[in-house]
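> Everything below, folded, please.
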Amino acid sequence: MNSLFGDEPGNYLVLANTEGQHSLWPVSIGVPRGWDVVHEEDTRQGCLNFIDANWTDMRPRSLSPS
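Numbering: from 1, shown residues only. Modelled structure (predicted):
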C-alpha cells in the first residue's frame, strides 16, 4: 500500500500550527483543525524546499527564546 505522504508525483501543501511547526500535507486530504496553509499547492520537492528555507528552528515557539 502506498502512502499519500510519500507519493512523489502528487501535489502537496505546507501547513503550520500555532507553535510554528510545519507539515508536508497532501492536497487530497482536508487541512486538519489547528493548522493553516503557509505554502500553496506545489510539488513535493517545492514544498520541502519551502520548509527547509522557512522552518529553521525546530523548537515549538513556546520553547524558543524570545
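> R61: what's its closest spatial neighbour, skipping adjacent residues?
In space, and not counting its chain neighbours, R61 is closest to G20: 4.6 Å by CB to CB, 6 or more residues apart in numbering. (Glycine included, C-beta is placed from N, CA and C.)
> Show the contacting residues for the one you found.
Applying CB atoms under 8 Å, 6 or more residues apart in numbering, we find G20 in contact with W55, D57, P60, R61, S64.
> Export these to JSON lines and append columns for neighbour count, pLDDT and secondary structure.
Listed next are the contacts of G20 as JSON lines, based on neighbours: other CB atoms under 10 Å; pLDDT from 0 to 100; DSSP: H, G, I helix; E, B strand; the rest coil:
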{"residue": "W55", "neighbour count": "15", "pLDDT": "92", "secondary structure": "coil"}
{"residue": "D57", "neighbour count": "10", "pLDDT": "84", "secondary structure": "coil"}
{"residue": "P60", "neighbour count": "12", "pLDDT": "83", "secondary structure": "coil"}
{"residue": "R61", "neighbour count": "12", "pLDDT": "83", "secondary structure": "helix"}
{"residue": "S64", "neighbour count": "11", "pLDDT": "75", "secondary structure": "coil"}
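> For stretch 23-37, what does the pLDDT average out to?
If you average the pLDDT over stretch 23-37, you get 96.
> quick one: terminal-to-terminal distance for it?
In stretch 23-37, first residue to last residue: 9 Å (CA to CA, to the nearest Å).
> 19 is where my numbering starts, stick with that
All right, first residue 19 from here; so that's stretch 41-55.
> what's the residue nearest the centre of the chain in contact with, if anything?
Nearest to the geometric centre of the chain sits S41, at 2.6 Å (CA atoms, centre = their mean). By CB under 8 Å, 6+ apart, S41 lies in contact with V32, L33, A34, N35, W53.
> Need the three-state assignment for the residue nearest to R79.
Put simply, G38 is coil when judged by DSSP: H, G, I helix; E, B strand; the rest coil.
> could you list every residue that touches N72?
Each residue near N72 by CB under 8 Å, 6+ apart is listed here: H40, V56, H57.
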